[in-house]
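Visitor: Here is a sequence with its predicted model. Questions after.
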Amino acid sequence: MTAAAEIPSSVEAFIRDLPKVELHVHLEGSMQPATLLELARKHGVDDLPDTIEAIADYYEFRDFPHFIDVYINSVRTLRDESDFALLTRDVARRLAAQNVRYAEVHLSLYNHLLRGVPAQVVFAGVEHGRIEAEREHGIRLRWIPDFPGDYGVEAGERTLEAVLAHGPASVVGLGIGGIEVDRDPFADVYARARANGLHSLPHAGENGGPGRVWSAIRVLGAERIGHGIDSMKDPELVAYLRETQLPLDVSPTSNLRTRAVEAIGDHPLPRMVEEGLMVTLNSDDPPMFGTDLTNEYRTAYRIGLGLDDLAGLARNGVTASFLDDAAKRELTAEIDALVARS
């Protein structure tokens, strides 16, 4: 495996210049330590780490449930419209600096509703931040409100009701995350979401086995799968995914940090690409996992993917997005032009 310092400068330049799309990144999980400190002090949240160094230790996760606990604790610092706008602007600025042109951002709506923060406040804040970011940086953002499946069907129903009542036009789909539980009970929630024009974008197969992916496909009508790395444990599922080109949004460093894989060299991403699956590359919860999308491309290179593969991942991101056809053609042409120059 190539060490980080040994990546050739030509590869670094290629990754830097590659037009990118981010399809699996969580707004709240993108909160930088400095922002967490600022909001904690603003609202008097005094049971969180109070230095940058302490937050770095706080982000050392024992396992996936521990990560969820830390995530929920951090979310408590988001309380008013200006908080959500501040976070959105910061996340968009950091994405744009990596040459990310478009992002579909997961929004932990149910966690805010549960804390008594109205959906109107959440959406007003993120929309304010989105509009400012698009004007200042040229990046386009769209929203995927989600809920934790381990909180039950009521969480899905309440989230969907809030989206249908207050969601702006920039909402593109409905997500489900949290501790990975059976997806079958959420069939009615997703049927109603799809009937109202929302795309089905569930997490599945991160650490719950290939059966969760089958459930997301057959029961929830999934149009993309968040993570989906456990699909590789089922040859029939691999064949189905290859044939249908159903996109899988993969986040290697996230899978390492939550212990879904034991070592980055064990990650199935190279095999997924070799099998001809429609894989996109994403950062998930960047500061919590000590990464960003640029680093995920470096990681993909380190574990065996070449420049053509990296360009293929970028093209897949464009294809799997909900951008309009003209924007997809334009971005794909930019990627192809970079490959030709390289």
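Guide: Cool, the structure landed.

Visitor: mind listing the helices for the stretch 1-150 of the chain?
Guide: Under the criterion DSSP state H, counting those that start in this stretch, the stretch 1-150 of the chain contains helices at 9-17, 33-43, 52-58, 64-75, 81-96, 109-114, 119-137.

Visitor: for Leu160, what are its contacts?
Guide: Leu174, Val189, Arg192, Ala193, Leu198 (CB atoms under 8 Å, 6 or more residues apart in numbering). In short, each C-beta sits where N, CA and C put it, glycine included.

Visitor: Regarding the third one, what is its secondary structure?
Guide: Three states are possible here, and by DSSP: H, G, I helix; E, B strand; the rest coil the one that applies to Arg192 is helix.

Visitor: List the contacts of the closest residue to Phe186 other than its chain neighbours.
Guide: Using CB to CB, 6 or more residues apart in numbering and skipping residues adjacent in sequence, the residue nearest Phe186 is Gly156, 5.2 Å away. Gly156 makes contact with Phe147, Gly149, Ile176, Phe186, Val189, Tyr190, according to CB under 8 Å, 6+ apart.

Visitor: same question, Val261
Guide: Ile229, Pro252, Asn255, His267, Pro268.

Visitor: now the residue lying closest to the last one once chain neighbours are set aside, what's its secondary structure?
Guide: Spelled out, it's Pro268. Distances taken as CB to CB, 6+ apart put Met232 closest to Pro268, at 4.5 Å, once the chain neighbours are dropped. When classified by three-state DSSP, Met232 comes out as helix.

Visitor: Number of residues surrounding Met232?
Guide: 19 (other CB atoms under 10 Å).

Visitor: any idea of the pLDDT on the residue nearest to Ile229 when sequence neighbours are not counted?
Guide: Leaving aside its sequence neighbours, Ile229 sits nearest to Pro268 (CB to CB, 6+ apart; 5.3 Å). The model reports Pro268 with a pLDDT of 98.

Visitor: Can you list the strands that the helix or strand hosting Asp249 pairs with?
Guide: Using DSSP states H and E, Asp249 falls within strand 248-250. Paired strands of strand 248-250, with direction, are strand 225-227 (parallel), strand 279-281 (parallel) (DSSP bridges).

Visitor: So which bits of the last one are buried?
Guide: Going by neighbour count (16 or more other CB atoms under 10 Å), the buried part of strand 279-281 is Val279, Thr280, Leu281.

Visitor: How about residues contacting that strand?
Guide: By CB under 8 Å, 6+ apart, strand 279-281 touches 21, 23-24, 224, 247-252, 269, 272-273, 293, 296-297, 300, 313-314, 316-317, 320.

Visitor: The same query, at a cut-off of 10 Å, please.
Guide: The contact list for strand 279-281 (CB atoms under 10 Å, 6 or more residues apart in numbering) reads 20-24, 224, 228-229, 241, 247-252, 268-269, 272-273, 293, 296-297, 299-300, 305, 309-310, 312-321.

Visitor: Downstream of that strand, the next helix or strand is which one?
Guide: Strand 279-281 is succeeded, C-terminally, by helix 286-289 (DSSP H and E).

Visitor: Packing partners of that next one?
Guide: Applying 3 or more CB pairs under 10 Å, 6 or more residues apart in numbering; DSSP states H and E, one finds that helix 286-289 contacts strand 20-26, helix 33-43, helix 52-58, helix 64-75, helix 81-96, helix 252-257, helix 293-302.

Visitor: Please list all residues in contact with the residue nearest to Ile229.
Guide: Pro268 makes contacts with 228-233, 250, 252, 255, 261, 274-275, 277, 279, 303, as judged by CB under 10 Å, 6+ apart.

Visitor: quick one on the thing from earlier: which residues are in contact with the strand holding Asp249?
Guide: So strand 248-250 is in contact with 22-25, 104, 201, 203-206, 213, 224-229, 231-232, 241, 267-269, 272-273, 277-282, 284, 296, 300, 313, 316-317, 320, going by CB under 10 Å, 6+ apart.

Visitor: 7 Å - rerun?
Guide: Here strand 248-250 makes contact (CB atoms under 7 Å, 6 or more residues apart in numbering) with 23-24, 224-229, 231, 241, 269, 272, 277-282.

Visitor: Likewise for stretch 81-94?
Guide: Taking CB under 7 Å, 6+ apart as the rule, stretch 81-94 contacts 27, 30-32, 35, 39, 78, 121-122, 124-126, 128-130, 132-133, 137, 139, 141, 292.

Visitor: Name the residues of that stretch that are buried.
Guide: Buried, per 16+ other CB under 10 Å, within stretch 81-94: Glu81, Asp83, Phe84, Ala85, Leu86, Leu87, Thr88, Arg89, Asp90, Val91, Ala92, Arg94.

Visitor: Let me see the contact set for Ser251.
Guide: His24, His227, Asn282, Ser283, Asp284, Glu296.

Visitor: if I look at the residue lying closest to the fourth one once chain neighbours are set aside, how far off is Phe14?
Guide: For Ser283, ignoring the flanking residues on the chain, the nearest one in space by CB to CB, 6+ apart is Leu293 at 4.7 Å. Here Leu293 is placed at a distance of 14 Å from Phe14 (CB to CB, to the nearest Å).
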